[in-house]
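> here is a sequence together with a model predicted from it:
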Amino acid sequence: MISRRWYVIGGLALVLWLLHSVQPILSPFLVSMLLAYLGDPLVDRLERLGLSRTLSVLIVYLIFLLILLGLLLIIVPLLFRQLMRLYELMPLMLDWLQFKALPWIQVNLGLADSFWRFDRIKAVISSHLDRTTDIVGIIVAQATTSGLAILGWLGNALLIPVVSFYLLRDWDVMVARLHSLLPRRHEALVNRLVRDCHEVLGAFLRGQLMVMVGLGVIYAVGLMLVGLELGLLIGTLAGLASIVPYMGFAIGLTAAMIAGFFQFGLEGYSLLAILAVFVTGQMVEGMLLTPLLVGDRIGLHPVAVIFAVLAGGQLFGFSGILLALPVAAIMMVLLRHVHDLYKLSDLYSKPRDVSEPPDTA
């Protein structure tokens, strides 16, 4: 007779195979689930004020829509303009590398004169500078060669608000139905594991995302006040990279120092001001943002975060990146439970001395 354990393993393998098979259409549903999970506490709070579930969902939708419109109308054009500025500054950076930095390295390391080949890179970039205004046209021209891909992308983009609306409206109903299907013998254990997973996921998805936004605002506003031309772009990238602790600080500070060097030269006050912006951001994160918004409930090591994102992208593409951190958080909760069971098992306990009398109790 086949053990029940093999049925469970076969079921898990079937689920993984199905996820891999429907990967091309999985992304909009994952994004919708993420939006519904993030918006459910807001909807529940509005329901406690006496509003209906549908009206509460519409109000939360309006909030999300206003935030999205603000990003599209204000931040995105500024970021695009700074990307164009970075594209124009690349030949200057290559000049500095070719005529100052690399000769110094060449002399001190004793490299051959023909070791560096930056002339070709500079020529390619410089030849495209006079066509920076046509970049959007080039992108559109290339994209139109795959019309079906564009239609699929637009279909997915239009599918996200529809699916997320129904998921958000029926979220509590779906959770209640899943709870009713739990085996009664293991209901307490499953409830405790789900509660722990919800605590970790809520702390990460809501808390860490708010920390990323806060750091991005601090870095971007601070760098723009210093006068750095690429301040908004670097600050935004540093905030996004803050999903891994200290990575945003390292990447942002390095990029800002390089950009500040090309803009201000060796002017000490400007470079010190850039350093002060990132030090201030780290202090605000460590003393205010992380303790207030995240706390110590996540427990995901930075190395685990990096591995989860890379492994998810390698296995399932963009869908895997969306699933990586939630799956890693759930696995961490399960491993904690297994760790507790192991500490209580006979395998871990100290062997009893044979000279001791047996415990008659």
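Yes, it's here.
> what pLDDT does Leu167 get?
Confidence at Leu167, expressed as pLDDT, is 88.
> please shift the residue numbers so they start at 603 in all later answers.
With 603 as the first residue, the last one maps to Leu769.
> give me the spatial nearest neighbour of it, chain neighbours excluded.
Distance criterion Cβ to Cβ, 6 or more residues apart in numbering; nearest residue to Leu769, sequence neighbours excluded, is Ala638 at 3.9 Å. Backbone N, C-alpha and C define where each C-beta goes, glycine included.
> quick check: which element contains the one you found?
Under the criterion of DSSP states H and E, Ala638 resides in helix 629-650.
> what does that helix rub up against?
Helix 629-650 is contacted by residues 655, 657-659, 661-662, 665-666, 758-759, 761-762, 765-766, 769-770, 773-774, 803-804, 807-808, 811, 920-921, 924-925 when judged by Cβ atoms under 8 Å, 6 or more residues apart in numbering.
> please pick the buried ones from the residues you listed.
655, 658-659, 662, 758, 761-762, 765-766, 769-770, 773, 803-804, 807, 811, 921, 924-925 (16 or more other Cβ atoms under 10 Å).
> how many neighbours does the residue nearest to Leu769 have?
With neighbours defined by other Cβ atoms under 10 Å, the count for Ala638 comes to 22.
> what's the nearest residue to Ala759 if we skip its chain neighbours?
Nearest to Ala759 is Pro630, by Cβ to Cβ, 6+ apart, at 7.6 Å.
> and the gap between the one you found and Arg808?
21 Å (Cβ to Cβ, to the nearest Å).
> before we move on, what about Val633?
16 Å.
> again, but for Ala759
Using Cβ to Cβ, Ala759 is found at 24 Å from Arg808.
> how far away is the nearest residue in space to His622 that is not next to it in sequence from Ser623?
Leaving aside its sequence neighbours, His622 sits nearest to Phe918 (Cβ to Cβ, 6+ apart; 6.7 Å). According to Cβ to Cβ, Phe918 stands 11 Å off from Ser623.
> neighbour count: the two, which is higher?
Applying other Cβ under 10 Å to Phe918 and Ser623 shows that Phe918 carries more neighbours, namely 20 against 10.
> what is the orientation angle of the longest helix anywhere in the chain with helix 629-650?
Ordering each helix of the chain by length in residues (DSSP state H) puts helix 904-946 first. Put simply, helix 904-946 runs at 70 degrees to helix 629-650, going by axes from the mean of the first three to the mean of the last three Cα atoms, to 10 degrees.
> give me the mean pLDDT for helix 904-946.
77.
> and if you look at stretch 646-658?
88.
> can you tell me the distance between the two ends of that stretch?
One end of stretch 646-658 sits 8 Å from the other (Cα to Cα, to the nearest Å).
> buried residues, it. List them.
For stretch 646-658, by 16+ other Cβ under 10 Å, it's 648, 655, 658.
> same check on stretch 693-712?
Using 16+ other Cβ under 10 Å as the test for burial, stretch 693-712 gives 695-696, 699-700, 704.
> from these, which is closest to Ala875?
Nearest to Ala875 among the buried residues of stretch 693-712 is Met695, at 21.2 Å by Cβ to Cβ.
> now the helix or strand that closest one falls within: how far from the chain's centre is it?
Assigned by DSSP H and E, Met695 belongs to helix 678-698. Computed by Cα atoms, centre = their mean, to the nearest Å, the chain-centroid distance of helix 678-698 equals 25 Å.
> low-confidence ranges in this structure?
603-606, 626, 703-704, 712-755, 868-870, 896-902, 904, 920-921, 924, 952-963 (pLDDT under 70).
> didn't Ser872 look like it was pressed against Phe866?
Yes: between Ser872 and Phe866 there is a contact at 4.0 Å, judged by Cβ atoms under 8 Å.
> for the stretch 703-852 of the chain, which segments count as helices?
Along the stretch 703-852 of the chain, counting by DSSP state H, counting those that start in this stretch, helices occupy 704-711, 721-729, 737-745, 749-771, 773-782, 789-804, 811-828, 833-843, 849-866.
> so which of those is the most packed in?
With neighbours defined as mean count of other Cβ atoms under 10 Å, the helices of the stretch 703-852 of the chain peak in mean count at helix 833-843, which reaches a mean of 22.
> okay, angle between that helix and helix 811-828 too, please.
160 degrees.
> just checking, what packs against helix 833-843?
Applying 3 or more Cβ pairs under 8 Å, 6 or more residues apart in numbering; DSSP states H and E, we find helix 833-843 packed against helix 678-698, helix 811-828, helix 849-866.
> nearest to Arg938, of these?
Among those, helix 811-828 sits nearest to Arg938 (Cβ to Cβ), with 23.0 Å.
> what residues does that closest one touch?
Against helix 811-828 from outside (Cβ under 8 Å, 6+ apart): 640, 832-834, 836-838, 840-842, 844-845, 850, 854, 858, 862, 872, 875-876, 878-880, 882-883, 886-887, 891-892, 895-896.
> repeat the analysis, applying 7 Å as the threshold.
Helix 811-828 is contacted from outside by 833-834, 836-838, 840-842, 844-845, 850, 854, 858, 872, 875-876, 879-880, 882-883, 886-887, 891-892, 895-896, using Cβ atoms under 7 Å, 6 or more residues apart in numbering.
> pull the contacting residues for Tyr663.
Tyr663 makes contacts with Phe767, as judged by Cβ under 7 Å, 6+ apart.
> in which helix or strand does it reside?
Here Tyr663 is assigned to helix 655-672, by DSSP H and E.
> what is the orientation angle of that helix with helix 629-650?
Orientation of helix 655-672 against helix 629-650 (the same axes, to 10 degrees) gives an angle of 120 degrees.
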